[in-house]
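Peer 1: predicted model and sequence below, questions to follow.
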Amino acid sequence: MITEKKKRRLRPYLLLGLGLFYLFHWLFKLWLLAPDTDSVTDVFGFGKFNWMNDHLSDKSWFDFQFTPTSLLLGMGGFLIAFLLYLRVSDTGTYRYGEEHGSARFATREELMRFRDEEPEKNMIFTQNSQMGLFNNRLSFDNQINKNILVYGGTGDSKTRSAVKPNILQANSSFVTTDTKGILIHETGKSLVEKGYKMKIFDLITFLNSDGFNVFKYIHNEMDIDRVAEAITESLNKNGHEGDPFWPAANKLLMRSLIGYLYFDGQIDHYLPNLGQVTDMIRELRRNHPEAESPVELMFEDLERRSPGNYACRQWDLFNKNFDGQTRASVYAIFATTFSVFDHEQLRKIIEKDTLEIEKWNIEKTAVFIHIPEVDPAYQFLSALLFSTIFDVLIKTADAVILGEHPKKTREDLLHLQVWADEFGQIGKIPNLPSIISVIRSREISIKMMVQSQSQIEVLYGKENTKTIINNCGAILYLGSNDLDTLKYLSERSGKQTLNDQNYSESRGRNASSSKQNSKIGRELLTPHEVATIGTTEALLFLSKQNVFRDQKFNLDTHPRAYLLSNGPNDDNWYRYKRYLSDIDEWKDQVGEENVIHIGIKEVEEVPLKVS
């Protein structure tokens, strides 16, 4: 508590001095009226004082006939007031008990005000801390943005204590990353019972997956730039990362190739896919210096059919500014990156689009994105997917909020939570620091789950990492061994003031001892104490609040935990089937008893009817 001691004001003491001046003058005049006492029986003259006390009301209070002695005594009274004013003053600002810091642990009761009255409309942090997901249901002073940063290493129960409990809440649409590919099986039944549409995009096996064709979400030149940037941000991890020359070259070529497919698809009425970019890259080089490459001829043909289009302008810029070895290097980088589309299964999941991203925040949808734990080859595709997700959902939310959506109103807009487990494995999402700053008003929130702060810094740099963290309304710490992370959380916990007692003793002929009490400051939690919290404990750093120390959420205590699956052999294991082509679906639907196995000889012997 702040206590401020201000400097004394002169006016009160001036009034006191005038009052004492007159009082001393008046008392002396009363003294003069008192009869003399017997000097033998009243040596000190106290009898006069007794008389004055008995006759205070006999004398008029107004007496302005001063004598030299009364003036002298009056000035003595004024001097007393003046000395009181001049005495040593202890001015300043004090915080008793908080001299070195006021940090302390938050209590469960203090965090209760952030909860929604309806339990299922909350986000779950720990066993005793929750926060309402919908700000319009909370008072203004209890509204905090819903972006969360979760620190947790391997084995720190990120999935069990954070992801699964919040999926069971079933209070929004969900986008969840999973590096093991089993979360959809374990939680799927609980979501289907709540009427969710299920979507799956598998970058681990490329099988049994919905399709994602980014060209479905390209509607103009700005979308071409967005897609090109998302891909080239991943390409910038090569050795030329520090040189802006190479990213510029990559972007120009990528805009050209994606733009060509977009405009060609518009003219010839087909939906292109990223696999066709690989086909074009194979035909970029000239077989003879004087003979134009197939891609050059394709751009010339597109210019004739659509004069001055954006793709051809970007192609011209690339050719005019980059040639020789530079162009060859850019071709090589692209060929290496896009060679992943030589896998037939990968080409299949990008040929058609069944994700329907534009519906995720207006229809209850649960999306599970399987990303590899260690293979970075497909990070550009996962980063492109997330870039598209944010772009499409922001546009959908804006259309609904502004009343421009053809079917939905503001009441139909759903909150969408992105639970990004192993956030560092997604790849670099373009403009994430800006995106995370604006998605709150679109009813979108992201929960980034990392093992250390350095995982974010590697992708986005230190300054952008600060922006990302500053836009998180809560930090949930489940465990980490990263020293920088531990130091940051220790500083965030703040300093507290403690009473310190020093006792010293000396022995010998002149033995003595002393005890000294003082106040000292120390971190509420040192980096070591942050690192060594119990395996079942968690720390919650809620915006503008003291740190809350609590038990991790016990999944078994959730009211809907009985719907979770523990393995393929129980009834709650969610099974799904996705077909990447019509022929795959047809083959799967045909029973084995209806399959006829014949060879070429039998086919040739089948009689043909000629009409």
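Peer 2: Structure received. Residues are numbered from 1 along each chain as shown.
Peer 1: what's the end-to-end length of stretch 496-515?
Peer 2: End-to-end span of stretch 496-515 (C-alpha to C-alpha, to the nearest Å): 23 Å.
Peer 1: same deal with stretch 56-69?
Peer 2: 20 Å.
Peer 1: so for it, what's the average pLDDT?
Peer 2: When pLDDT is averaged along stretch 56-69, the result is 80.
Peer 1: number of residues surrounding Leu297?
Peer 2: 12 (other C-beta atoms under 10 Å). C-beta: built from backbone N, CA, C; applies to glycine.
Peer 1: now Asp225
Peer 2: Neighbours of Asp225 (other C-beta under 10 Å): 18.
Peer 1: where's it, which helix or strand?
Peer 2: helix 221-235 (DSSP states H and E).
Peer 1: what's the answer for Pro607, then?
Peer 2: Applying DSSP H and E, one finds Pro607 in no helix or strand.
Peer 1: and it, what's its pLDDT?
Peer 2: 72.
Peer 1: how far away is it from His269?
Peer 2: Per C-beta to C-beta, to the nearest Å, Pro607 is found 40 Å from His269.
Peer 1: excluding chain neighbours, give the residue nearest to Arg305 in space.
Peer 2: Ile267 (5.8 Å; C-beta to C-beta, 6 or more residues apart in numbering).
Peer 1: you'd agree that neighbour is up against Glu303?
Peer 2: No. Using C-beta atoms under 8 Å, Ile267 and Glu303 do not qualify as a contacting pair, with a distance of 11.9 Å.
Peer 1: neighbour count winner among the two?
Peer 2: For Ile267 and Glu303, the more surrounded residue by other C-beta under 10 Å is Glu303, and the numbers stand at 16 against 12.
Peer 1: and the more buried one, what does it touch?
Peer 2: By C-beta atoms under 8 Å, 6 or more residues apart in numbering, the residues touching Glu303 are Asn309, Cys312.
Peer 1: and it, what element?
Peer 2: helix 294-305.
Peer 1: can you give me the buried ones in the following helix or strand past that helix?
Peer 2: Following helix 294-305 in sequence order, the next helix or strand is helix 310-321 (DSSP H and E). By neighbour count on 16 or more other C-beta atoms under 10 Å, the buried set for helix 310-321 is Tyr310, Ala311, Cys312, Gln314, Trp315, Phe318.
Peer 1: Ile394: which of those is nearest?
Peer 2: Using C-beta to C-beta, Tyr310 comes nearest to Ile394 of those, at 22.5 Å.
Peer 1: all helices of the stretch 151-300 of the chain, in order?
Peer 2: Along the stretch 151-300 of the chain, the segments classed as helices by DSSP state H, counting those that start in this stretch run 158, 164-169, 183-192, 221-235, 245-268, 274-282, 294-305.
Peer 1: then the stretch 351-500 of the chain?
Peer 2: 379-401, 432-438, 453-470, 483-493.
Peer 1: mean neighbour count, mean pLDDT and distance to Leu73 added to the ones you listed, as JSON lines?
Peer 2: Listed next are the helices of the stretch 351-500 of the chain as JSON lines, based on neighbours: other C-beta atoms under 10 Å; pLDDT from 0 to 100; distance: least, C-beta to C-beta, whole Å:
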{"stretch": "helix 379-401", "mean neighbour count": "21", "mean pLDDT": "95", "distance to Leu73": "82"}
{"stretch": "helix 432-438", "mean neighbour count": "17", "mean pLDDT": "94", "distance to Leu73": "75"}
{"stretch": "helix 453-470", "mean neighbour count": "16", "mean pLDDT": "93", "distance to Leu73": "69"}
{"stretch": "helix 483-493", "mean neighbour count": "18", "mean pLDDT": "94", "distance to Leu73": "64"}
